[in-house]
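Undergrad: this one's sequence-less:
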């Protein structure tokens, strides 16, 4: 776990440490990389598909991954495919494309998920619709038990809970109440 309460520029400390870790720690099972203050969260870059590929190949047995980086949906899907033993995932922002087919996601047995913010790829100032985010997360993580989503966006968790409860009961479809 790398954590600091002091103000360190993300570009000078956090990102270089992450790049060093990407060189390969094949036995690494848990990574927590937190630097700076909440206000600095916006300075953390979005992980590229190439960075995700390198990280998943460098640390193939990851079980718990916590970073302040943001992710878009395709790298998140690639990460969960490459890390089948991942049980806990925490990152700052999930960028959702305007249109996405949630049925294309391969289900993963992730247990804990924490995301601070949701943004649309083309309109980052606007959050995506709660039902869209919930359906994506439900398709990707049908066994999710512990989900920490932002308080201002708790509607996603409500819809996700309805979707998963409907599946447990064995209903063929779930009606989302607005």
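TA: Thanks, I have the structure now. Bear in mind the structure is a predicted one, so any value in this text is a computation, not a measurement.

Undergrad: Helices of this protein, start to end?
TA: Here the chain has its helices, by DSSP state H, at 14-21, 49-58, 73-82, 130-140, 155-169.

Undergrad: Export those as a markdown table, with columns for mean pLDDT, distance to residue 146 and mean neighbour count.
TA: Where C-beta positions appear, they are placed from N, C-alpha and C, glycine not excepted. Converted to a markdown table, these look like this (pLDDT from 0 to 100; distance: least, CB to CB, whole Å; neighbours: other CB atoms under 10 Å):
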| stretch | mean pLDDT | distance to residue 146 | mean neighbour count |
| --- | --- | --- | --- |
| helix 14-21 | 64 | 25 | 16 |
| helix 49-58 | 88 | 22 | 17 |
| helix 73-82 | 92 | 16 | 18 |
| helix 130-140 | 88 | 13 | 21 |
| helix 155-169 | 76 | 11 | 16 |
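
Undergrad: Take these and lay them out in CSV including distance to residue 64.
TA: Shown next, in CSV, are those (distance: least, CB to CB, whole Å):
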stretch, distance to residue 64
helix 14-21, 14
helix 49-58, 14
helix 73-82, 13
helix 130-140, 17
helix 155-169, 21
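
Undergrad: how about the ones you listed, which one is nearest residue 108?
TA: helix 73-82 (4.2 Å; CB to CB).

Undergrad: Can you pull out the residues in contact with the closest one?
TA: The contact list for helix 73-82, computed with CB atoms under 8 Å, 6 or more residues apart in numbering, reads 47-49, 51-53, 55-57, 60, 65, 71, 86, 89, 94-97, 100, 105-106, 108, 110, 136, 140-141.

Undergrad: could you redo the last one with a cut-off of 6 Å?
TA: With contacts defined as CB atoms under 6 Å, 6 or more residues apart in numbering, helix 73-82 is touched by 47, 49, 52, 56, 96, 105, 108.

Undergrad: what's the answer for stretch 56-71, then?
TA: Applying CB under 6 Å, 6+ apart, the external contacts of stretch 56-71 come out as 22, 24-25, 28-33, 41, 44, 46-47, 82-83, 85-94.

Undergrad: Of these, select the buried ones using a PyMOL command.
TA: A single PyMOL command is used to select the members of these judged buried by 16 or more other CB atoms under 10 Å:
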select buried, resi 22+25+28+31+33+41+44+46+47+82+83+86+87+88+89+90+91+92+93+94
